[in-house]
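Undergrad: Here is my input, please return the structure:
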Amino acid sequence: MKMLRLNTVLLTLGVAMGLASCGESASTGSLTFYASGEEAAEGGYPAGDIAFADGWTIEFDHVMVAIGDVVLGEDEIAGDVMIVDLHNGRTELFTEEMLAAQRYAIGYTLAVPTASAFPQGPVDAAAQARMIAAGASLYIEGTAMHPTHGEYTFEIALPRAVVASACEQADGTLGVVVPESGNATGEITIHLDHLFFDSATAEEPNLRFEAWAAAAGEDRHITMDDLASQDLTDLIGIDGEPLMAGGTLVAYEPPATGLPSMDLEAFVVAQAITVPHWTGEGHCNYE
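TA: As a prediction, this is how the structure comes out:
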């Protein structure tokens, strides 16, 4: 396995954030970065109290992200693209030593990987090759099951980079604090449930899968191209009839900014852009 090698970054007083004065000597600490897809990436759904409203369960085979351009304060500290499979659990990415003890802004990119991308932690070589061939910054394979409708497989690839900047903790504080003579930790957290939401605007959207399954061909394998066949203005269920739930038509609510096309593929791509977070529930600015 190719190991990540990083140049040690020592921020000077001129670029350090939050230092009391330019004449003050800087004590140092370290910062360790992790990546995680939380319980869902490892065990699927239901995960805790998160479950599908239409009775489906999901198991993942691969939850792969390509991470690059990690920014600490004003400096890029990891430009090389690493591929991590979060189905294998929380993965340590790297540690930065000899950092001035202070608060730092954080940013990172879910990058479109090329052949130069390297695995960090256990990554299946064949799955990595499929991810790179798809040009996917986020690549997921898994199986969905329903007591009535049976079993379907799916393969989802986000075909674009997502730049996350000015990341905040869940309490709204910026980035991360490196302690004097200690080690801080920070986590790039992937929220997979966003991919299956039925609304981009509701505070508590439902997770649904039947519209996905209904888009599959006879092979019962769902790809992004299959999702493009589902018209958001006229969703179809597995029975070929309008998609219903509790006697009411199911409608997916697109983001306020709109979609390039009113289909399920465009909706899932828009949702995928919202999956990267910082240290659990913290949010970032996304492009």
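Undergrad: Export stretch 88-105 to PDB, keeping only CA atoms.
TA: What follows is stretch 88-105, C-alpha atoms only, in PDB (Å, rounded to 0.1, in the frame of the first residue of the first chain):
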ATOM      1  CA  ASN A  88     -14.400  -0.800   6.100                       C
ATOM      2  CA  GLY A  89     -14.900   1.600   9.000                       C
ATOM      3  CA  ARG A  90     -13.400   4.900  10.200                       C
ATOM      4  CA  THR A  91     -10.100   5.500   8.500                       C
ATOM      5  CA  GLU A  92      -7.100   7.600   9.600                       C
ATOM      6  CA  LEU A  93      -5.900   9.800   6.800                       C
ATOM      7  CA  PHE A  94      -2.800  11.500   8.200                       C
ATOM      8  CA  THR A  95      -1.400  13.600  11.100                       C
ATOM      9  CA  GLU A  96       0.100  17.000  10.900                       C
ATOM     10  CA  GLU A  97       2.700  17.700  13.500                       C
ATOM     11  CA  MET A  98       4.300  20.900  14.900                       C
ATOM     12  CA  LEU A  99       1.200  23.200  14.300                       C
ATOM     13  CA  ALA A 100       0.800  26.400  16.100                       C
ATOM     14  CA  ALA A 101      -1.700  25.800  19.000                       C
ATOM     15  CA  GLN A 102      -4.700  27.800  17.800                       C
ATOM     16  CA  ARG A 103      -8.000  27.600  15.900                       C
ATOM     17  CA  TYR A 104      -7.800  26.800  12.200                       C
ATOM     18  CA  ALA A 105     -10.200  27.000   9.300                       C
END
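Undergrad: So which bits of that stretch are buried?
TA: Using 16 or more other CB atoms under 10 Å as the test for burial, stretch 88-105 gives 88, 90-91, 93-94, 96, 99-105. C-beta: built from backbone N, CA, C; applies to glycine.
Undergrad: Next: stretch 29-40.
TA: Quick answer for stretch 29-40 (16+ other CB under 10 Å): Gly29, Ser30, Leu31, Phe33, Tyr34, Ala35, Ser36, Gly37, Glu38, Ala40.
Undergrad: who's in contact with Glu281?
TA: By CB atoms under 8 Å, 6 or more residues apart in numbering, the residues touching Glu281 are Ala170, Thr189.
Undergrad: what's the pLDDT at it?
TA: pLDDT for Glu281: 96.
Undergrad: Roughly how far does it sit from Ala200?
TA: In this view, Glu281 and Ala200 are 18 Å apart by CB to CB, to the nearest Å.
Undergrad: what do you get for Arg208?
TA: To Ala200, Arg208 is 13 Å away according to CB to CB.
Undergrad: Of these two, give the one with the bigger neighbour count.
TA: Neighbour count, other CB atoms under 10 Å: between Arg208 and Ala200, Arg208 has more, with 22 against 18.
Undergrad: Show me what Met244 is bridged to.
TA: Leu249 (DSSP bridges).
Undergrad: Tell me if I'm right that it and Ala251 touch.
TA: No. Met244 is beyond contact range of Ala251, at 10.9 Å (criterion: CB atoms under 8 Å).
Undergrad: least trustworthy helix or strand in the protein by mean pLDDT?
TA: Ranked by mean pLDDT, DSSP states H and E, the weakest helix or strand in the chain is strand 75-78, scoring a mean of 86.
Undergrad: tell me which residues in that one are buried?
TA: Buried residues in strand 75-78, defined by neighbour count with 16+ other CB under 10 Å: Ile77, Ala78.
Undergrad: which stretches of the stretch 1-150 of the chain form strands?
TA: 28-36, 57-72, 75-78, 82-85, 91-100, 103-104, 106-110, 118-119, 138-146, 150-158 (DSSP state E, counting those that start in this stretch).
Undergrad: for the longest one, what is the average pLDDT?
TA: To tie it back to what came earlier, the one meant is strand 57-72. pLDDT averaged over strand 57-72 gives 97.
Undergrad: Kindly export that strand (C-alpha atoms) in PDB.
TA: Provided in PDB are the C-alpha atoms of strand 57-72 (Å, rounded to 0.1, in the frame of the first residue of the first chain):
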ATOM      1  CA  THR A  57     -33.400  -2.100   3.900                       C
ATOM      2  CA  ILE A  58     -29.900  -1.500   2.400                       C
ATOM      3  CA  GLU A  59     -26.500  -3.100   2.700                       C
ATOM      4  CA  PHE A  60     -23.400  -1.500   1.200                       C
ATOM      5  CA  ASP A  61     -20.500  -3.400  -0.400                       C
ATOM      6  CA  HIS A  62     -18.400  -0.300  -1.000                       C
ATOM      7  CA  VAL A  63     -18.700   3.400   0.100                       C
ATOM      8  CA  MET A  64     -15.700   5.000  -1.600                       C
ATOM      9  CA  VAL A  65     -14.700   8.600  -1.500                       C
ATOM     10  CA  ALA A  66     -11.700  10.300  -3.100                       C
ATOM     11  CA  ILE A  67     -10.300  13.000  -0.900                       C
ATOM     12  CA  GLY A  68      -7.800  15.700  -1.800                       C
ATOM     13  CA  ASP A  69      -6.800  19.300  -1.400                       C
ATOM     14  CA  VAL A  70      -7.100  19.300   2.400                       C
ATOM     15  CA  VAL A  71      -6.700  22.900   3.600                       C
ATOM     16  CA  LEU A  72      -5.700  24.000   7.100                       C
END
